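Q: Sequence and predicted structure below; questions after.
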Amino acid sequence: MTGKEKLLAALKEKGIKYIFGYTGGTIMPVFDEMDKTKDFQFIMSRHEQGATFMAQGLSRASLSTDNPQLGACMATSGPGAMNLTTGVADAHMDSVPMLIVTGQVATGVIATDAFQESDVVGVMMPICKQTYMPLHADEIESTIHEAHYVATTGRGGPVLVDIPKDVQNESVSPQYRFDVKGYRPVLPGYLYHPTPDREPLDRAIKMINKSVRPLIFCGHGVINSNAGKLLQQFAEKVNIPIAFTMHGLSALPSDHPLSLGMMGMHGTVEANKAVMEADLLIAFGMRFDDRVTGKLNEYAANADVIHVEIDPSEIDKNVATSVAINADVLRTLRVLVDDPLLTYKPRRRWFKQIDEHRKVMKKELQAEIDTGVGDTGTLLMKTIVDRLSKLTKGKDLIVPDVGQHQMMAARFYSYQTENSWFSSGGAGTMGCSLPMAIGVKLARPQERVWSISGDGGFQMNIQELGTVMEHNIDIKMLLFNNGYLGMVRQWQTLFFDGRYSGTPMQNPDYGFIAQAYKIPYLKVEEVKDIAPALKKAIKQKGPILIEFVCDPTEVILPMIPSGGGFNDMIVTRPPKEKSASKKKRKVSKS
Amino acid sequence: MKRRAILAFMLDRPGVLNKVSMLIRKKMYNVDTLTVCSSRVPGISRMTITLQEDDIAKVTQVIKQLEKFTEVISAKELDTQKSYWREAAIVKLEVDREHLTAFNGRYNFEILEKKGKDVQIVQIAGSTVQIDTFLDEVGRENIIEIARTGVAAMEK
Ligand SMILES: Cc1ncc(C[n+]2csc(CCOP(=O)(O)OP(=O)(O)O)c2C)c(N)n1
Ligand SMILES: [Mg+2]
């Protein structure tokens, strides 16, 4: 047996069915072998970055199913591997398990600047949870098993295995043995502490019972440990409202009476005000990112903090805790839900206070949604998302790109299905949506998947329409075309006196693009056509692209300016832009 | 700023030192010295890092980030009062022998070699402060070349 055979055997053993990637010189032996075994479905992306987001989609969407799969991607050395980096860094920021296998130049020429040689391990080290370079065929199988273990346990993350070409082809030594079933990784330094200690739990319980204005934070860790239902039970048991981080969305139904929606930079008024007024924050599986906290020295000044988190290095990193619980969210909630000392409290005054905050902006937002068009007479993104939410009853899977449309999708879709929101958060990588939606669809073929992109981001991985076409991947692609890098434009409106530097763009005729890829296409310019177009997409078997002509002056509010505190929250719309009514936007005809 | 020492034990795997130095750069820690050597157990290295930091929360972060590396088995801060910190240095000095004899008994040093009439190569060991004051007294303007090991530290 050779290294490449051992590699594929180990991948198969670990339940990997899909391999996303792109071939090239140094990975050809593995591709050749893969074709012989027929054990995998290979999905060729049109750019290696696409493969990384497909793998992310598969990992993320499948983790809540009966068959969790580790997203795996494969690429050649040098440029192939370098094209993976953005998606790998994104997975690292968002704690997404992923396995990356790259071919490397042969050991004999490593470090000679050989053709297509890059120091892949060196480049990937800071953006991976772990990196490996097996130098003998005998090491490959155990490396893959260890890599799988590291990627999928504790706080998940991408793991790289860089295999020199000669090692792929090398035969294992005659005395080589590997006990697949009995294998246990030997990692004396690996931090994995899933079970909560009793002592901090006891202190947490006392603190919760004592608190008058407590608030639960639901982070990505709740989704990653499949703890949404338990969190809901816990919140109901103690009657405490819940604010979500962006990655915590869809852990439990958005319209649950205790839900305050998303918090942070583009969070709801009620969530952010509640954070300011709370006397206790109970944070589950999150890392107090600056988009969540704003200015740290003003953050939740009057609150004690209970922090439940699997990664100990996140505890006390940005926000000082009163009680630190280094453990898996699910296991911690199991204990809390059954604890007899925790009691229900009506908290009438606290909820009354929160209900007041819920009223702020509510009327204005509803009026905008109902009107459906903005100052330029073109469609509002929030209206489209609202209609989509109603038509699908909030049950579908949503994969946004990065920008205003992403925040609209976070705020105005009412998530009813656990683990149904897949977004690039920590890195905020434009272009993620289209390839990620492909991975999501492969993980959950029975469910409907909507990819929502802006005109900027859609063009960043537009080539993956080729992948959609080739495999007839049934994703519904919504393109919110506002002719601008909208999110940056919004900052320019609010903080740069409306100087739109580097944000307007000329768009291609998306109808022709869809046609070129043999993908059905619709264009929507009127409010009345939104629902029929979405219905058509639902009926349609197979992929479809719907372009919506959107208002570039629409803003997503509230907004806490970058570096600002919660007191700086902007809740009123900027004045109508002078040019808005005059300059009717040019829309390409098709 | 307060000088602190962190002692870590880690698997002797390729890339560990790389990871530690990248961490120092990424998090912009103010590191003075970093020494690595083998430990009593084969395959496990011992690393001592000294840095300047008043904020205990930052030091705790360094330790947590180090512990996060799969290869790192343990990391902790050494209490200044309860540990020995020692360095060694080799110094090439432009002084005559008599100048050095004045320091006999007060510093733990040894003349390794005499080059010409007034160039001496001296080895000295002790605490960082001892080495610093020795160099001050000998006269820093007389130093031609100096090699310091960085701090090795151990709990009492
Ligand atoms: C790869 C990448 N480059 C740049 C940015 C900075 N950025 C964040 S949002 C945004 C605008 C996105 O525009 P578009 O895709 O049209 O979406 P919209 O905001 O208009 O909905 C930009 C440029 C980014 N997040 N990712
Ligand atoms: Mg746009």
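A: Noted; the coordinates are in hand. Since the structure is predicted, the reported quantities are computational estimates derived from the model, not experimental observations. Ligands and ions are numbered 1, 2, ... in the order given.

Q: Measure how buried A:Thr429 is and give me the count.
A: By the criterion of other Cβ atoms under 10 Å in any protein chain shown, A:Thr429 has 26 neighbours. Quick note: C-beta positions are derived from backbone N, CA and C, even for glycine.

Q: so what are the domain limits for the chain?
A: I went with chain A, as the question did not name one. What automatic domain parsing lists as the domains of chain A is A:3-169, A:198-352, A:372-568.

Q: To clarify, I was referring to chain B.
A: Following automatic domain parsing, one finds the domains of chain B at B:3-78, B:84-155.

Q: what separates the last one from the chain centre, distance-wise?
A: The reference is to domain B:84-155. 15 Å (Cα atoms, centre = their mean, to the nearest Å).

Q: Do me a favour and get the end-to-end distance for that domain?
A: One end of domain B:84-155 to the other measures 6 Å (Cα to Cα, to the nearest Å).

Q: and it, average pLDDT?
A: Averaging pLDDT along domain B:84-155 gives 93.

Q: now do the longest one
A: Per-residue confidence for domain B:3-78 averages out to 92 on the pLDDT scale.

Q: Which among the domains of chain A is found nearest to B:Asn18?
A: Closest of the domains of chain A to B:Asn18 is domain A:3-169, at 6.5 Å (criterion: Cβ to Cβ).

Q: circling back: reformat the domains of chain B as a markdown table; add distance to A:Phe42 and mean neighbour count.
A: Listed next are the domains of chain B as a markdown table, based on distance: least, Cβ to Cβ, whole Å; neighbours: other Cβ atoms under 10 Å in any protein chain shown:
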| stretch | distance to A:Phe42 | mean neighbour count |
| --- | --- | --- |
| domain B:3-78 | 30 | 17 |
| domain B:84-155 | 50 | 14 |
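
Q: Let me have those domains in JSON lines, adding distance to A:Phe284 as columns.
A: Shown next, in JSON lines, are those (distance: least, Cβ to Cβ, whole Å):
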{"stretch": "domain B:3-78", "distance to A:Phe284": "19"}
{"stretch": "domain B:84-155", "distance to A:Phe284": "37"}
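
Q: nearest to chain A, of these?
A: Chain A lies closest, by Cβ to the nearest Cβ, to one member of the domains of chain B: domain B:3-78, at 3.9 Å.

Q: Ends of the closest one, what's the gap?
A: Per Cα to Cα, domain B:3-78 runs 11 Å from first to last residue.

Q: Quickly check: it near chain A or not.
A: Yes. Residues of domain B:3-78 contacting chain A under Cβ under 8 Å from any Cβ of the partner chain: B:10-11, B:14-15, B:18-19, B:22, B:26, B:57, B:60-61, B:64-65, B:67-74.

Q: measure A:Ile556 to ligand 2 for me?
A: Distance of A:Ile556 to ligand 2, given as Cβ to the ion, to the nearest Å: 12 Å.

Q: I'd guess that residue is in a strand, am I close?
A: No. The assignment for A:Ile556 is coil, going by DSSP: H, G, I helix; E, B strand; the rest coil, so no strand is present there.

Q: Now for the closest residue to it other than its chain neighbours, how many residues are close by?
A: Excluding the flanking residues, the one nearest A:Ile556 by Cβ to Cβ, 6 or more residues apart in numbering or on different chains is A:Met407, at 4.4 Å. Using other Cβ under 10 Å, A:Met407 has 27 other residues around it.

Q: Got the phi and psi for A:Met407?
A: Note on A:Met407: backbone dihedrals following degrees, to the nearest 10 are phi -70, psi -40.

Q: what's it in contact with, if anything?
A: Neighbouring residues of A:Met407 by Cβ atoms under 8 Å, 6 or more residues apart in numbering or on different chains: A:His266, A:Met487, A:Ile556.

Q: Neighbour-wise, which one of those residues leads?
A: With neighbours taken as other Cβ under 10 Å, the top of those is A:Met487, carrying 23 neighbours.

Q: Setting the sequence-adjacent residues aside, check what's closest to that residue.
A: For A:Met487, ignoring the flanking residues on the chain, the nearest one in space by Cβ to Cβ, 6+ apart is A:Gly403 at 4.2 Å.

Q: same check, this time on A:Leu388
A: Per Cβ to Cβ, 6+ apart, closest to A:Leu388 is A:Leu534, 5.7 Å.

Q: With distance to B:Glu113 and mean pLDDT as new columns, can the domains of chain A be given to me in a markdown table?
A: As requested, the domains of chain A are exported to a markdown table (distance: least, Cβ to Cβ, whole Å; pLDDT from 0 to 100):
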| stretch | distance to B:Glu113 | mean pLDDT |
| --- | --- | --- |
| domain A:3-169 | 37 | 97 |
| domain A:198-352 | 48 | 97 |
| domain A:372-568 | 57 | 97 |
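
Q: Indicate which one of these is closest to B:Val41.
A: Taking these one by one with Cβ to Cβ, domain A:3-169 is closest: 20.6 Å.

Q: any residue of that closest one up close to chain B?
A: Yes. Under the criterion of Cβ under 8 Å from any Cβ, chain B is reached by domain A:3-169 at A:Val121, A:Gly122, A:Met125, A:Pro126, A:Lys129, A:Gln130, A:Thr131, A:Met133, A:Val150.

Q: Tell me which of those fall in strands.
A: Counting by DSSP state E, the part of these found in strands is A:Gln130, A:Thr131.

Q: Just the buried residues from the residues of domain A:3-169 next to chain B, in ChimeraX please.
A: In ChimeraX, this line selects whichever of these come out buried by 16 or more other Cβ atoms under 10 Å in any protein chain shown:
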select /A:121,125,129,130,131,133,150
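
Q: mind putting the residues of domain A:3-169 next to chain B in JSON lines, distance to ligand 2 included?
A: Converted to JSON lines, the residues of domain A:3-169 next to chain B look like this (distance: Cβ to the ion, whole Å):
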{"residue": "A:Val121", "distance to ligand 2": "37"}
{"residue": "A:Gly122", "distance to ligand 2": "36"}
{"residue": "A:Met125", "distance to ligand 2": "35"}
{"residue": "A:Pro126", "distance to ligand 2": "31"}
{"residue": "A:Lys129", "distance to ligand 2": "33"}
{"residue": "A:Gln130", "distance to ligand 2": "37"}
{"residue": "A:Thr131", "distance to ligand 2": "36"}
{"residue": "A:Met133", "distance to ligand 2": "41"}
{"residue": "A:Val150", "distance to ligand 2": "38"}
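
Q: List the contacts of the nearest residue to B:Asn30 once chain neighbours are set aside.
A: Leaving aside its sequence neighbours, B:Asn30 sits nearest to B:Gln52 (Cβ to Cβ, 6+ apart; 4.6 Å). Counting by Cβ under 8 Å, 6+ apart, B:Gln52 makes contact with B:Met1, B:Lys2, B:Arg3, B:Arg4, B:Asn30, B:Asp32.

Q: Check A:Val180 too.
A: Residues near A:Val180 by Cβ under 8 Å, 6+ apart: A:Glu13, A:Glu141, A:His145.

Q: so residue 99 is in which element?
A: You didn't pick a chain, so chain A it is. Secondary structure from DSSP states H and E places A:Leu99 in strand A:98-104.

Q: if you could check chain B rather than the one you did, that'd help
A: If you go by DSSP H and E, B:His99 is part of helix B:97-101.

Q: again, but for A:Ser118
A: Per DSSP H and E: nothing holds A:Ser118, as it lies in no helix or strand.

Q: Please apply the same query to A:Val308.
A: Element membership for A:Val308 (DSSP H and E) is strand A:304-309.

Q: quick one: A:Asp255 and A:Gly219, what's the gap?
A: Distance of A:Asp255 to A:Gly219, given as Cβ to Cβ, to the nearest Å: 20 Å.

Q: coming back round to it: just so I know, which of the domains of chain A lies nearest ligand 1?
A: Among those, the nearest to ligand 1 by Cβ to the nearest ligand atom is domain A:372-568 (2.1 Å).
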